[in-house]
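Enquirer: Sequence and predicted structure below; questions after.
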Amino acid sequence: MEYVLSRKTNCTKIKIRVIEGVVQVSAPFSVSKKVIDEFVHEQEAWIKEQMDKNPILKNNDIVELLGESFHLHFIDVPRCYVEKDQLYLFPNKELIQRFLKKNAKKYIDFFASNYRYTIFLYNMAFIKVNGVAVRLRSIKFVSM
């Protein structure tokens, strides 16, 4: 299994982390590469479990967004948009957050108008959509 190894002087034991699909191993300088490889091999089941919890999205994966399915495409142009059942994203966290916030608000407004509610938006809050934290306002529904 491939991993990124970092040797540290203040490290007393071998540590494994899985961050954004990358296995990172920290170990003291006194531990040999062979011992580290054996430890990583022993922990392979745990590593795969961690990687399955947060799968890395690839082009043409199907993603669920606000109740609809979209084919995901990463693009080189700095913008995000939807075209029929295709979702085009530029790999930039801030740009994706703005896009999700804008579309979540449209969905909430549509939901509110269909069910005869007025929405008052206040108090900033966060929601998590496909692993990306999106800053939205909390919602209070009041009947008409």
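Expert: Now that the structure is in, tell me what you want to look at.
Enquirer: which stretches of this protein form strands?
Expert: Here the chain has its strands, by DSSP state E, at 4-8, 15-19, 22-28, 62-65, 68-74, 81-83, 86-89, 117-129, 132-143.
Enquirer: and the ones you listed, which one is worst for confidence?
Expert: Within the strands of the chain, the least confident segment by mean pLDDT turns out to be strand 117-129, at a mean of 40.
Enquirer: List the beta-bridge partners for the closest residue to His73 other than its chain neighbours.
Expert: Using CB to CB, 6 or more residues apart in numbering and skipping the chain neighbours, the partner closest in space to His73 is Tyr88 (5.0 Å). For the C-beta atoms, the positions are set from N, CA and C on the backbone; glycine is no exception. Beta bridges link Tyr88 to His73, Tyr81, judged by DSSP bridges.
Enquirer: State the distance from Tyr88 to Leu65.
Expert: 12 Å (CB to CB, to the nearest Å).
Enquirer: likewise Pro28?
Expert: Relative to Leu65, and taking CB to CB, Pro28 is found at 44 Å.
Enquirer: What of Glu42?
Expert: Taken as CB to CB, the spacing of Glu42 relative to Leu65 amounts to 38 Å.
Enquirer: neighbour-wise, which of those two wins?
Expert: Set side by side, Glu42 and Leu65 show more neighbours around Leu65, with 16 against 9, by other CB atoms under 10 Å.
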